[in-house]
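**Student:** Starting from these lines, generate the structure:
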Amino acid sequence: MASRASYEIAVIVISLLIFSPVSALLQNDTSFTGELSPAVQTLSYTIELFIPTSSQIHSDQIMDQINGPGGEVLFATSFGLSTFNGSWNTRHINRDNISQGLMDDFVTAIEFDHRGNLWIGYSGGIQIYNGVYYQVIRDQQLLKETRIHDLQRWNDDMWISTGHSRIHRFRNGEWTWFQPMIKNGPGFYEVNSMTLDTASNSLVIATENEGLWIVRSPEDPVSFELLAGTDTPQGQMQHVKRDPLGGVYFFNPSTIIHFDTVSGFEDILKTGDLTQKQITINDIAAGSDGSLNIATDDGIYIWRDGEIYRHLSRFEGIGTSDIVKTVNVDAENRVWFATQGYVGFYRENTSSEGLVQINMVTPAASLIPITLVNVTPVKPVPTGIVDPSSGISPVTAIFSQIVDPIMHAISSLSQKIGVNFTAPFF
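**Tutor:** You can find the predicted model right below:
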């Protein structure tokens, strides 16, 4: 009798959930393109997804991202240099002539210099692209090591971090290597990341194992100053990201802090402030609106004014996985992210009539372009066309995003009352 009663309760709960999908969507602050109810159309953000293929970005492994001078967004990936300007272009290795194309498909860092030349870093050197040809730099008389970790323009200089060989500077055609462990020199060997604090015009550095450092002036003699040693909580941070509003953010897998030269260090949050789950912070990116976008193993958390502003998971349309590997913000304040099998962006709709949209851009077969060109943006693929790389239509993707959270809730409730429930296959 108890089993039959539990079964009947489960049937009632399942019926309520199945016949109340709109309420569930509203509670999760998400909806989709297509025919929507007026209530859903009042929501306020857009998510657009791209599946890595020959006609889109070619990899979901994003190593670096920068804004281009014409409004385009450039992505250093593990399979070429991709550019988005309403549509996608990707450059690849030119095995016949590296002065006419990339020297490697695995791009580790990118940056524009003050003349508009594009610097491209690899595990085996640097290329400088002037719009016509690529100059190759891999001479160890110039670079003590050719493994490029990061590139950072600072005024008219380019600063380069290279594997275990610390930091180099390129200025007016001359290369300078800053020898470590000497007076006022870098007290570290390997840089994890570096960025500019635009408020103080300082270069801020996070090292792999030797704390946090700052260079307050690029002029000779350059002096490296320790901000926090590894014997301090701040020195346990491993990565640094720029704050567009001034200062920088440091983070490690569990903690985020802020630093500026006026106020010093400020605690921002720990993972326990986001969720009670055991999660890891994989990346962060600060927006010009003051928001802090946090890529985690549990989706993207948007932190604003000291609290969670929004949480985006696979149920809100970021892909099929909650593990977000990278996050970056472009000049239009679009928040780009990468999950397994997808690259996409999240954007707040500024219009009062803005819709929440989950757009799946379905790739079509095409030749791989070698050079960057401006082309007319691809029109959205009509609903129902099957993605040739995945075999899943946008209708199915949308339907599964609606049904998945319902099935998850049904399964959880059924288990609590002792009824085995197997979700149907759609």
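**Student:** all contacts plus neighbour counts: C-alpha atoms, from now on.
**Tutor:** Will do.
**Student:** Now the element after the helix or strand of the chain with the lowest mean pLDDT, going C-ward?
**Tutor:** Between all helices and strands in the chain, the lowest mean by mean pLDDT, DSSP states H and E belongs to helix 21-27, at a mean of 32. Downstream of helix 21-27, the next assigned helix or strand under DSSP states H and E is strand 45-50.
**Student:** That following strand pairs with which strands, and in what direction?
**Tutor:** According to DSSP bridges, strand 45-50 forms sheet pairs with strand 342-348 (antiparallel), strand 357-361 (parallel).
**Student:** Out of those, which gets the lowest mean score?
**Tutor:** In terms of average pLDDT, strand 357-361 trails the rest of the strands paired with strand 45-50, at a mean of 47.
**Student:** in the stretch 51-200 of the chain, which spans are helices?
**Tutor:** Ranges of helices in the stretch 51-200 of the chain, per DSSP state H, counting those that start in this stretch: none exist.
**Student:** check which helix or strand covers the residue positioned nearest the centre of the chain.
**Tutor:** The centre of the chain sits closest to V327, judged by C-alpha atoms, centre = their mean, with a distance of 1.9 Å. With elements delineated by DSSP H and E, V327 resides in strand 326-329, which encompasses its position.
**Student:** and if you look at L269?
**Tutor:** Assigning secondary structure by DSSP H and E places L269 in strand 264-270.
**Student:** Who are the packing partners of that strand?
**Tutor:** On a contact count with 3 or more C-alpha pairs under 8 Å, 6 or more residues apart in numbering; DSSP states H and E, strand 264-270 meets strand 255-260.
**Student:** Show me what the strand it packs on is packed against.
**Tutor:** strand 248-251, strand 264-270.
**Student:** from the middle of its chain, how far away would the first one be?
**Tutor:** In terms of C-alpha atoms, centre = their mean, to the nearest Å, the gap separating the centre of strand 248-251 from the centre of its chain is 15 Å.
**Student:** what does that strand contact?
**Tutor:** 195-197, 204, 206, 237-243, 256-260, 284 (C-alpha atoms under 8 Å, 6 or more residues apart in numbering).
**Student:** Kindly report the same for the longest one.
**Tutor:** Strand 264-270 has contacts (C-alpha under 8 Å, 6+ apart) with 234, 254-259, 306.
**Student:** One more pass at 10 Å, please.
**Tutor:** Contact with strand 264-270 is made by 227-228, 234, 247-260, 281, 303, 306-307, as judged by C-alpha atoms under 10 Å, 6 or more residues apart in numbering.
**Student:** Just the buried ones from the residues you listed, in PyMOL syntax?
**Tutor:** Of the contacts of strand 264-270, the buried ones go into a single PyMOL selection, burial set by 16 or more other C-alpha atoms under 10 Å:
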select buried, resi 227+228+234+247+248+249+250+251+252+253+254+255+256+257+258+259+260+281+303
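**Student:** and the residue nearest to I137 when sequence neighbours are not counted, how far is that from P52?
**Tutor:** Once flanking residues are discounted, I137 sits nearest to I126: 5.1 Å by C-alpha to C-alpha, 6 or more residues apart in numbering. Distance, I126 to P52, using C-alpha to C-alpha, to the nearest Å: 25 Å.
**Student:** more crowded one of those two?
**Tutor:** I126 (28 against 17; other C-alpha atoms under 10 Å).
**Student:** my guess is that one meets M103, correct?
**Tutor:** Yes. Counting by C-alpha atoms under 10 Å, M103 is a contact partner of I126 at 8.7 Å.
**Student:** what's the overlap in contacts for those two?
**Tutor:** Joint contacts of I126 and M103 (C-alpha under 10 Å, 6+ apart) are 120, 134, 136.
**Student:** Give me the neighbour count for N155.
**Tutor:** 11.
**Student:** show me the contacts for it.
**Tutor:** 113-114, 171, 201, 218.
**Student:** Which among these count as buried?
**Tutor:** Of these, these count as buried by 16+ other C-alpha under 10 Å: 113, 201, 218.
**Student:** quick one on the thing from earlier: which one of the contacts of N155 is nearest N67?
**Tutor:** Of all these, N67 sits closest to D113, with 12.3 Å by C-alpha to C-alpha.
**Student:** tell me the contacts of that closest one?
**Tutor:** Contacts of D113 (C-alpha under 10 Å, 6+ apart): 119, 128, 151-158.
**Student:** cool, and G163?
**Tutor:** 123, 144-150, 189-192.
**Student:** same check, this time on N67
**Tutor:** By C-alpha under 10 Å, 6+ apart, the neighbours of N67 are 73-75, 83-84, 111-112, 329-332.
**Student:** ok, now with 8 Å
**Tutor:** Contacts of N67 were listed using C-alpha under 8 Å, 6+ apart, and they are 73-74, 330-331.
**Student:** Same check on T83?
**Tutor:** Contacts of T83 (C-alpha under 8 Å, 6+ apart): 57, 72-75, 89-90, 372.
**Student:** Return the subset of the residues you listed lying in strands.
**Tutor:** With strands taken from DSSP state E, the overlap with the contacts of T83 comprises 73-75, 89-90.
**Student:** Against W159, how distant is the nearest residue in space to I120 that is not next to it in sequence?
**Tutor:** Excluding its sequence neighbours, the residue lying closest to I120 (C-alpha to C-alpha, 6+ apart) is I110, at 4.7 Å. With the distance defined as C-alpha to C-alpha, I110 ends up 12 Å from W159.
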